[in-house]
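Undergrad: Quick one, structure for this:
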Amino acid sequence: MSFFEELSPEMDRYLENHASQEPEILKKLRRETYQKTTQPHMISGFQQGRLLSIISQLLSPKRVLEIGTFTGYATLSLAEGLPEDGKITTLDINEDLAYIPQKYFTESIFRHQIEFRIENAIDYLETSNELFDLVFIDADKDNYLKYYHLIKPKLKSGGVLMIDNVLWYGNVLEENPKNKSTKIIKELNDLIAKDNDFENLILPLRDGLNLLRKK
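TA: Okay, here's the model as predicted:
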């Protein structure tokens, strides 16, 4: 089996049964996402959620930025590592789905540490002067390069940047892709690999997660 193929349901169950338990609020959120959205596969889900949580807990970041909220699963996973004075800002432009993450953020013990903004991420990054310890990007692929260039100067030394969907269903192996998103993701992966300001590794988890540490 190649790394970009889906794991069997049996293997997925095995991996979930041999990992730390998913918090109850995330179980409820995952269930509602599959019941009420047309593209539930966009949710980070159990395995990636536990990875985001562990990385956040290792860093104990005071300032976290997430680009692409969807229903808020990754947001709540990342929030698990926040210190008492930590804060996560999550950005999305989908007003129609905003009620779902807002509902779960309000129910969460991290409610006072989550800033949910319906705002264009490029506009936010161009006007914000904040520096971040941890950034997670899981949004529109066509703007991935722009996000990367705008985020880089706002990420602290030792900070971590995570970019989702960087294998793009295996399409990054295409020599001359015609699809715009595929071209951008390939260009981004090439750029990161040559950027001496970062150490990075692409994890073949789900659709690929590029994990970067700023030197």
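
Undergrad: Dig out what E199 forms beta bridges with.
TA: R213 (DSSP bridges).

Undergrad: I'd guessed it sits against L211; true?
TA: No: under the criterion of Cβ atoms under 8 Å, E199 makes no contact with L211, lying 9.1 Å away. For glycine as for every other residue, the C-beta is placed from the backbone atoms N, C-alpha and C.

Undergrad: okay, these two: which has more neighbours?
TA: L211 (18 against 11; other Cβ atoms under 10 Å).

Undergrad: residues of whatever helix or strand Q47 lives in that come out buried?
TA: Taking DSSP states H and E as the criterion, Q47 maps to helix 45-59. Within helix 45-59, the residues that count as buried by 16 or more other Cβ atoms under 10 Å are 45-53, 55-56, 59.

Undergrad: what does stretch 32-44 give?
TA: 33, 37, 40, 42-44.

Undergrad: And for stretch 11-25?
TA: Of the residues in stretch 11-25, 22-23, 25 count as buried by neighbour count, 16+ other Cβ under 10 Å.

Undergrad: repeat for stretch 163-177
TA: Neighbour-count burial for stretch 163-177 [16+ other Cβ under 10 Å]: 163-168, 172, 177.

Undergrad: for the closest residue to L209 other than its chain neighbours, what are its contacts?
TA: Nearest-residue entry for L209: L203, 4.6 Å, with adjacent residues in sequence omitted and distances by Cβ to Cβ, 6 or more residues apart in numbering. The contact partners of L203, taken as Cβ atoms under 8 Å, 6 or more residues apart in numbering, are 51, 209-211.

Undergrad: okay, the residues you listed in CSV with pLDDT and secondary structure next?
TA: Below are the contacts of L203 laid out as CSV (pLDDT from 0 to 100; DSSP: H, G, I helix; E, B strand; the rest coil):
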residue, pLDDT, secondary structure
L51, 97, helix
L209, 97, strand
N210, 98, strand
L211, 98, strand
